[in-house]
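Chemist: Got a predicted structure here, sequence first:
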Amino acid sequence: MRRIFVILALLTFGLLSYALYEGMVAAPTEQTMGEVQRIFYYHVPSAITAFTLFLINFAVSIIYLARRNQKADALAVSTAEVGVVFCTVVLVTGPLWARPVWGIWWTWDARLTSTLLLWLIYISYLILRRYSTSGQTPVIAAVLAVFGFLDVPFVYLANRLFRTQHPQPVYFGGPGSGADPRMTYALLMNMAAFFCFAALVVWLRFRLERARQDFEETQALESLLQPDARSPR
Amino acid sequence: MKFLYAAYAVTWVIHITYLTLLSRRYRRLRDEMQDLRKK
């Protein structure tokens, strides 16, 4: 297992370096926005990675609700947490791109607002998991995850359904959409690199969660075998 | 150009901060496990 992890880590590092070169150097400069458009190669893959992680979180939350599987619960919390990290990158790189291009850091249009809402939903999911003392916390969190995920398709469709300050879709946006093939290649390389990196981080977070679950089980067993002197008789 | 560099830099600052927090949580859990074993 450790060998696979090391191989994946090396592959991810190589891919991230190559993708950085593709995004910063090899891809052509966009004509209207200039160099700042290269933020696209980090902003879009981060968003797609976050959405994918939330989709996995949604699927494993349903599995947890159906089967009460501890591994599904551990994967749910891992994907939600790493998804929030990627979503944070989207919310930070977006304004850094918007300021030189639109002249403003932020606007309350449908795409931006629904993305912020998505981030807040998963932040509340993580707060619930961290601070709730109820024995039903994983069940409540799974239900929140299932309903919270409904915002993801809305974020995706927001600039198709509404007039937004956020640009119209570059890909799958109907006639006239699309980009230079070298730009598409750089984007795909960055997406592959970010997916590998996310898989690596989710793996680490999943292992931590499984270890925590084992620790809590051992602790509970320990307290049953050695009753505390302070416990009521 | 400064916005481009800022965006790329902040992305890695966020990821590295998260990985640092994750490794701290690993260490804390390992210490707690060792304490439990000692008992």
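Modeler: Looks like it arrived, so ask away.
Chemist: next one: phi and psi at A:T32?
Modeler: Note on A:T32: its backbone torsions stand at phi -80, psi -50 [degrees, to the nearest 10].
Chemist: do A:S132 as well
Modeler: Per degrees, to the nearest 10, the backbone of A:S132 is at phi -70, psi 140.
Chemist: Find the nearest non-adjacent residue to it, please.
Modeler: Using Cβ to Cβ, 6 or more residues apart in numbering or on different chains and skipping residues adjacent in sequence, the residue nearest A:S132 is A:I140, 7.0 Å away. The C-beta positions use only the backbone N, C-alpha and C, and glycine is treated the same way.
Chemist: isn't the one you found right up against A:R129?
Modeler: No - between A:I140 and A:R129 there is no contact under Cβ atoms under 8 Å: 9.1 Å.
Chemist: can you tell me the helix or strand for the residue nearest to A:S132?
Modeler: Assigning secondary structure by DSSP states H and E places A:I140 in helix A:137-148.
Chemist: Of all the residues in that helix, which ones are buried?
Modeler: Buried residues in helix A:137-148, counted by 16 or more other Cβ atoms under 10 Å in any protein chain shown: A:P138, A:A141, A:A142, A:L144, A:A145, A:V146, A:G148.
Chemist: Closest one of these to A:R2?
Modeler: Nearest to A:R2 out of the buried residues of helix A:137-148 is A:P138 (Cβ to Cβ; 28.6 Å).
Chemist: could I get the buried residues of helix A:137-148 as CSV with distance to A:T79 and pLDDT?
Modeler: Below are these laid out as CSV (distance: Cβ to Cβ, whole Å; pLDDT from 0 to 100):
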residue, distance to A:T79, pLDDT
A:P138, 14, 93
A:A141, 12, 95
A:A142, 12, 96
A:L144, 14, 96
A:A145, 9, 96
A:V146, 13, 96
A:G148, 12, 94
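Chemist: Chain A contacts on chain B?
Modeler: Residues of chain B lying near chain A by Cβ under 8 Å from any Cβ of the partner chain: B:1, B:3-4, B:6-8, B:10-11, B:14-15, B:18-19, B:22, B:25-26, B:29, B:32-33, B:36, B:39.
Chemist: Now, of those, which are buried?
Modeler: Buried by 16+ other Cβ under 10 Å: B:3-4, B:7-8, B:10-11, B:14-15, B:18, B:22, B:26, B:29, B:33, out of those.
Chemist: what number of residues lie near B:R24?
Modeler: Residues lying near B:R24 (other Cβ atoms under 10 Å in any protein chain shown) number 10.
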